[in-house]
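[1] sequence unknown, structure follows:
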């Protein structure tokens, strides 16, 4: 038996006996649910994060992600099998290291790989024989076997021989009550055959179903394809919204009717733009990488243009509605309802609400917001001029004190009857109000 096979068999034995220590870099919306999944299956987990407040909260058994059941976090802390740390010098301890860090865009809409590169460098400094490294962060095809592998092999160890490397894209859907970390099928692609075997075996312990593919690149492309599919269809229905509005046709009525077809149609709803950590970013990752191969992605880039334009469309509809009432937008008090990127979650990342805020700020409007899930807006890198704000209570007095209300995120707990009764003007981007009402402008 070769030395490599001996190493593989040893790690495989640890994984299948649940004796492996799982390390997770990044304890956010992806990493923390994944950590809980492994802990609840009997594994020990060592979590790494640069934010000391997260580490302290987890040590106390407290959850900082609203849609995660706090009881699960407390139970994980009580098992004694979960430890979070800011000490990346301990990266030699885990048998498997899962990288769950952000992959944002630069201001020029190019991939910002600094978090992935930084994580890989930290692993390289402590890399030892027999470790499995899996990247989960959404990225362009070739990141794992080119960028990450290149960094790790600077240690002098060799991928597929001394250590093992794979890609398995996160598929988290915050707020989804039907599917969670352990029930969403997991795509796994290895840089080599040994890496695929080990990565699949690891996820088989915690995830109901794993789908092996031929390479890390195929797995990377699968995740991009999933999100580009959504981005393109969101753009399509947003474009239809604009066209039908000019024709005097209610897009929501059209979608309700089209959805009755039991085949050949998949519903997507229009909105104020796109948001979240995937849909606004991932198409540009593929577009950037495609240029290396001399390929164009006109269809994908057009979808991006349509979606990026939606906040401008919403603000323009607000301006026109105020103008019809003899009011300039400058100096008007505008209340935004919902700053999370989708309903019933507390995640504001890349929310179109912040672009709406910025556009209104530039026009001189006075801004406020209400979001029952986000009591205070965080500082947003993409919108540096916006000052943090606190959510106002949604009361008759609050609504009456504003010249307009813009529904950006349609949280279920909001009393829209109250909004309709006391607001003087409502710009509805989510189809909350289906009946014609002189107060409501659909955008």
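    Yep, it's here. Computed from a predicted structure; not experimentally measured.
[2] Quick one: neighbours of the closest residue to residue 433 other than its chain neighbours, just the number.
    Sequence neighbours aside, residue 440 is the residue nearest to residue 433 in space, at 4.7 Å (criterion: Cβ to Cβ, 6 or more residues apart in numbering). The C-beta positions use only the backbone N, C-alpha and C, and glycine is treated the same way. Look at residue 440: counted by other Cβ atoms under 10 Å, it has 21 neighbours.
[3] Report the separation between residue 440 and residue 211.
    Residue 440 is 45 Å from residue 211, where distance means Cβ to Cβ, to the nearest Å.
[4] Residue 331 too?
    55 Å.
[5] out of these two, which sits in the more crowded spot?
    Neighbours were counted for residue 331 and for residue 211 using other Cβ under 10 Å; residue 211 has more, 15 against 11.
[6] so the more buried one sits in a strand?
    Yes. According to DSSP: H, G, I helix; E, B strand; the rest coil, residue 211 belongs to a strand.
[7] how about the nearest residue to it, chain neighbours excluded?
    Residue 211 sits nearest to residue 187 (Cβ to Cβ, 6+ apart), 4.9 Å away.
[8] residue ranges of the helices in this protein, please?
    Applying DSSP state H to the chain gives helices spanning 3-16, 31-40, 52-59, 70-79, 114-126, 149-152, 193-204, 216-246, 251-258, 282-292, 298-324, 352-362, 396-400, 416-422.
[9] Where among those is average confidence lowest?
    Across the helices of the chain, helix 282-292 has the smallest mean pLDDT, namely a mean of 85.
[10] list the helices and strands that one packs on?
    On a contact count with 3 or more Cβ pairs under 8 Å, 6 or more residues apart in numbering; DSSP states H and E, helix 282-292 meets helix 216-246, helix 298-324.
[11] now for those helices, which one comes closest to residue 70?
    Closest to residue 70 of those, according to Cβ to Cβ: helix 216-246, at 29.2 Å.
[12] what separates that closest one from the chain centre, distance-wise?
    A distance of 15 Å separates the centroid of the chain from that of helix 216-246, by Cα atoms, centre = their mean, to the nearest Å.
[13] and it, which residues are buried?
    By neighbour count on 16 or more other Cβ atoms under 10 Å, the buried set for helix 216-246 is 216-217, 219-224, 226-228, 230-232, 234-235, 237-241, 244-245.
[14] returning to what we had before: contact partners for the residue nearest to residue 433?
    Counting by Cβ atoms under 8 Å, 6 or more residues apart in numbering, residue 440 touches 420, 426, 428, 433.
[15] Out of those residues, which comes closest to residue 352?
    Proximity to residue 352 was ranked across the contacts of residue 440 by Cβ to Cβ; first place goes to residue 428, at 14.2 Å.
[16] Show me the chain divided up by domain.
    For the chain, the structural domains run 3-214, 249-442, going by automatic domain parsing.
[17] Might one say that residue 72 is in contact with residue 40?
    Yes. Residue 72 is within contact range of residue 40, at 7.5 Å (criterion: Cβ atoms under 8 Å).
[18] still on that earlier bit, out of the helices of the chain, which gets nearest to residue 179?
    That would be helix 31-40 among these, by Cβ to Cβ, at 11.6 Å.
[19] can you give me the offset of that closest one from its chain's centre?
    17 Å.
[20] Kindly report the same for stretch 326-339.
    28 Å.
[21] likewise stretch 410-426?
    From the chain centre to the centre of stretch 410-426 is a distance of 27 Å (Cα atoms, centre = their mean).
[22] Pull out the buried positions in that stretch.
    For stretch 410-426, the neighbour count (16+ other Cβ under 10 Å) marks 410, 411, 414, 416, 419, 420, 422, 423, 425, 426 as buried.
[23] Check stretch 296-305 too.
    Using 16+ other Cβ under 10 Å as the test for burial, stretch 296-305 gives 297, 300, 301, 303, 304.
[24] would CSV of those residues with distance to residue 291 be doable?
    Converted to CSV, the buried residues of stretch 296-305 look like this (distance: Cβ to Cβ, whole Å):
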residue, distance to residue 291
297, 8
300, 12
301, 11
303, 17
304, 15
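[25] Please report phi then psi for the spatially closest residue to residue 13 that is not a sequence neighbour.
    Spatial nearest neighbour of residue 13, excluding adjacent residues (Cβ to Cβ, 6+ apart): residue 19 at 7.7 Å. As for residue 19, its main-chain torsions (degrees, to the nearest 10) stand at phi -90, psi -10.
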